[in-house]
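J.: quick one: sequence plus predicted model below, questions after.
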Amino acid sequence: MMTDRQDTDKRFCSILFDVMEAHGVRDVVCSPGSRNAPLLIAAESRRGMRKYNVVDERAAAFMALGMSVVSRKPVALVCTSGTALLNYAPAVAEAFYQGVPLIVISADRPEQWIDQDDSQTLRQFEALLNFVKRSYELPAWGNDDKEMLWYANRISNDAMIEAMSRRKGPVHINVRLAEPLGLKREAIGTSPRVIEMISSDGIVNKEIVRELGRSVAGSKVMFVAGFLPPDSRMHKSVGEFCSLPNVVAMTETLSNLHLGEEASGVDSVLTALPETRLDSMSPDIVISVGGSLVSRKLKEYLRRNNSVCEHWSVGWNHTTSDCFMSLTKRIEADPARFLHQLYAAAVKHVGDNSYSSIWSEARREAFKAKDEYVDSVGWSELKAFSIIDEMLPRDVNLFLSNGTSVRYAQIVGKHQPHATYCNRGVSGIDGCGSTAVGGAMKYNGKTVLVTGDMSMAYDVAALSLPGIPDRMRIIVIDNNGGGIFRFIPSTSRLEERERYFCCAPQLPLRHLAEGYGWEYHEATDATTLRESLSMLLSSPKRGVLRIVCDGESSAAILRQYMQITVPE
């Protein structure tokens, strides 16, 4: 909707001021300059904001401090580039130690022009680092980059949440601006996506829970769980909440939520259903818990439908994580307690709703088609993982390395072990073996690590760590290097793939294992795998099992698995 107002042509500046206004900023103290022209134009265009012009930035900042102290509301400061920002420092330091929410906005040149003898430039980003709760930066970019406009919205929301949550305080947003600076466009009367912080002290108000419960009861809800530690309270609350007929669960293997086939097989179902059918089944509300997701397909699906759904993130987060590009509520609370409260508030209002049953039928169709393929396929990594999943005792702690190991476990993992772990915080292959050994030292049952030859070579020191218990087992999928690079589109067709990406380690695993006092087993087909895995698990000593698979054919088989679809 067009209006009679003029706004800056820098859309990310418009987004910043729209979000600030939506979060309650009503006063903006401005100081003159040329680099901050888009910011001043954006401020002037917001009729709900009062603007005050003060030439001296030091006085401007103290004036804003006084306004915020008395009003107990956030107040924004806008300055140009160079030493203008540094003149804010005394008042910002006072605001930091008083707990006053000043929103410090500085204009800056594009990054490539810093330290290039251009005029009125210095290293502005994090210049106030010691006296603000957090520093942010908006890079200079064009108006047509949708992903970067989403980024501007997220950063602006996060800055406001940070300034106003827990102990309040100042934040700094450094805005890089490229010329031309003074261009205008007709203002677009659209509302920004506002991310609301709920319960920064960990306790959700009962009336808010009732309101959220009514929203849930009348919506199609998808519950998404990333990695989580095993937790009986969480398991009970999630099971209770996902029993609602309008709630469908998408829980990853690493969530340690054992809800059966009605919640598992995320990639299997998302790759089996045609896109048009999936889009017709998209949720109204996504409620997420846990850490980052393994499933790229789930992230892509929810991002593709981000305009028709809202996302509530539940749990303790150090920042605003908007993975699906649709975050509307950041609920800082104990997830188990909150989900129980939300269920109690929603269950009395839920009517006839077939959303869960629609997804259940889709899962049954997908699993049938995919399982038939796994049963019929020849020797490969996929077949090996299906046998491992079938034979692993339910009381083991399972550790997975990054790469294909964690992804195969998510595809074929129908039998949940006692607990499943993987270093998915930053998803590196380094240290997966040593992490598993450390975990084995703290668990009285068997611990099994499933890893690839490349990951094992990277952390071969795990075989020689002190105090390794005999309860430890390591399964190495030897596919002649990093198998994931033969599968993912970005590297699978490169002629440099084997030399520069897969990097076959030629690991002398038998000699290493036996040299460090481990039993050694080897499998080259389904029959020898069943035999050697049985011996590995029944032995009283720690052991290593090497499973030899052809990497090229295994990647082709996995690719075919992902391409199996069911009818519309």
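T.: Perfect, I can see it now. Since the model is a prediction, treat every value here as computed from it, not as a measurement.
J.: any idea which residue sits dead centre in this structure?
T.: Closest to where the C-alpha atoms of the chain average out (Cα atoms, centre = their mean) is S292, at 3.9 Å.
J.: state the pLDDT value of that one.
T.: pLDDT for S292: 94.
J.: show me what contacts it?
T.: 226-227, 323, 424-425, 427 (Cβ atoms under 8 Å, 6 or more residues apart in numbering). Heads up, the C-betas are built off the backbone N, CA and C, glycines and all.
J.: so what's T451 bridging to?
T.: With DSSP bridges as the criterion, T451 is bridged to V476.
J.: no, scratch that, I was asking about A107
T.: Beta-bridge partners of A107, as defined by DSSP bridges: V175.
J.: in this structure it contacts L77, no?
T.: No. A107 is not in contact with L77 according to Cβ atoms under 8 Å; the separation is 11.6 Å.
J.: hang on, F399 is in a strand, isn't it?
T.: Yes. Counting by DSSP: H, G, I helix; E, B strand; the rest coil, F399 falls inside a strand.
J.: from V448, how far out is it?
T.: 7 Å (Cβ to Cβ, to the nearest Å).
J.: low pLDDT regions in the stretch 1-150 of the chain?
T.: Scanning the stretch 1-150 of the chain for pLDDT under 70 picks out the ranges 1-4.
J.: please enumerate the strands of it.
T.: Per DSSP state E, counting those that start in this stretch, the stretch 1-150 of the chain carries strands over the ranges 2-8, 27-30, 50-53, 75-79, 102-108, 134-138.
J.: circling back to that earlier point, any idea which of the contacts of S292 is closest to H340?
T.: Using Cβ to Cβ, G226 is the member of the contacts of S292 that lies nearest H340, at 19.9 Å.
J.: who's in contact with the residue nearest to that closest one when sequence neighbours are not counted?
T.: Distances taken as Cβ to Cβ, 6 or more residues apart in numbering put G290 closest to G226, at 3.6 Å, once the chain neighbours are dropped. If you count contacts by Cβ under 8 Å, 6+ apart, G290 has them with 225-228, 252, 254-255, 315.
J.: kindly report the same for K297.
T.: Contact partners of K297, counting by Cβ under 8 Å, 6+ apart, are 266-267, 270-271.
J.: dump those to CSV, plus secondary structure and distance to Y373.
T.: Formatted as CSV, the contacts of K297 follow (DSSP: H, G, I helix; E, B strand; the rest coil; distance: Cβ to Cβ, whole Å):
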residue, secondary structure, distance to Y373
V266, helix, 17
D267, helix, 14
L270, helix, 16
T271, helix, 12
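J.: neighbour-wise, give me the winner out of these.
T.: Neighbour counts for the contacts of K297 (other Cβ atoms under 10 Å) peak at V266, which has 24 neighbours.
J.: wait, that one touches L254, no?
T.: No. Counting by Cβ under 8 Å, V266 does not reach L254; the two are 11.1 Å apart.
J.: what does the residue nearest to G226 show for phi and psi?
T.: phi 90, psi -180 (degrees, to the nearest 10).
J.: which stretches of the stretch 201-350 of the chain form helices?
T.: Ranges of helices in the stretch 201-350 of the chain, per DSSP state H, counting those that start in this stretch, are 206-217, 232-241, 266-272, 275-280, 296-304, 335-347.
J.: show me which residues of the fourth one are buried.
T.: Right, the one you point to is helix 275-280. Under the neighbour-count criterion of 16 or more other Cβ atoms under 10 Å, helix 275-280 has L278 buried.
J.: compare the helices of the stretch 201-350 of the chain and give me the one nearest Q124.
T.: helix 296-304 (31.9 Å).
J.: would you mind checking the average pLDDT for that closest one?
T.: 95.
J.: just to revisit the earlier point, including distance to R154 and pLDDT, could the contacts of K297 go into TSV?
T.: Listed next are the contacts of K297 as TSV, based on distance: Cβ to Cβ, whole Å; pLDDT from 0 to 100:
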residue	distance to R154	pLDDT
V266	24	94
D267	26	93
L270	25	96
T271	28	94
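J.: is it true that V221 touches C242?
T.: No. Counting by Cβ under 8 Å, V221 sits too far from C242 to count as a contact (9.1 Å).
J.: between those two, what contacts are shared?
T.: Counting by Cβ under 8 Å, 6+ apart, the contacts common to V221 and C242 are V248.
J.: compare these two (neighbour count), which wins?
T.: Between V221 and C242, V221 has the larger neighbour count (other Cβ under 10 Å), namely 28 against 22.
J.: for that one, name its beta-bridge partners.
T.: Under the criterion DSSP bridges, V221 forms beta bridges with V247, I285.
J.: residue contacts, it?
T.: With Cβ under 8 Å, 6+ apart, V221 has these contacts: 244, 246-248, 283-287, 355.
J.: for the record, mean pLDDT for stretch 467-483?
T.: Mean predicted confidence for stretch 467-483 is 93.
J.: ok now it, how far from the chain's centre?
T.: 28 Å (Cα atoms, centre = their mean, to the nearest Å).
J.: first-to-last residue distance for it?
T.: Distance across stretch 467-483, first residue to last, is 31 Å (Cα to Cα, to the nearest Å).
J.: same question for it: list its buried residues.
T.: By 16+ other Cβ under 10 Å, the buried positions in stretch 467-483 come out as 468, 471-483.
J.: again with stretch 48-55
T.: Buried residues in stretch 48-55, counted by 16+ other Cβ under 10 Å: 49, 54.
J.: distance across it, terminal residue to terminal residue?
T.: Termini of stretch 48-55 sit 23 Å apart (Cα to Cα).
J.: go on, stretch 439-455?
T.: 17 Å.
J.: check the offset of the host helix or strand of N153 from the chain's centre.
T.: N153 belongs to helix 146-164 when assigned by DSSP states H and E. Averaging C-alpha positions (Cα atoms, centre = their mean) puts helix 146-164 16 Å from its chain's average.
J.: outside of that helix, which residues touch it?
T.: So helix 146-164 is in contact with 11-12, 15-16, 19-20, 23-25, 74, 101-103, 133-134, 136-139, 141, 143, 169-171, 173, 192-195, 197, 319-320, 322, 325, 327, 330, going by Cβ under 8 Å, 6+ apart.
J.: apply 7 Å and report the result again.
T.: Helix 146-164 has contacts (Cβ atoms under 7 Å, 6 or more residues apart in numbering) with 11-12, 15-16, 19-20, 23, 74, 101, 103, 133-134, 136, 138, 141, 169-171, 173, 192-195, 197, 319-320, 322, 325, 330.
J.: and that helix, what's buried?
T.: Going by 16+ other Cβ under 10 Å, helix 146-164 has these buried residues: 148-164.
J.: go on, stretch 85-99?
T.: 85-89, 91-96.
J.: which one of the residues you listed is nearest to P393?
T.: P393 has its nearest neighbour among those in F96, at 54.4 Å by Cβ to Cβ.
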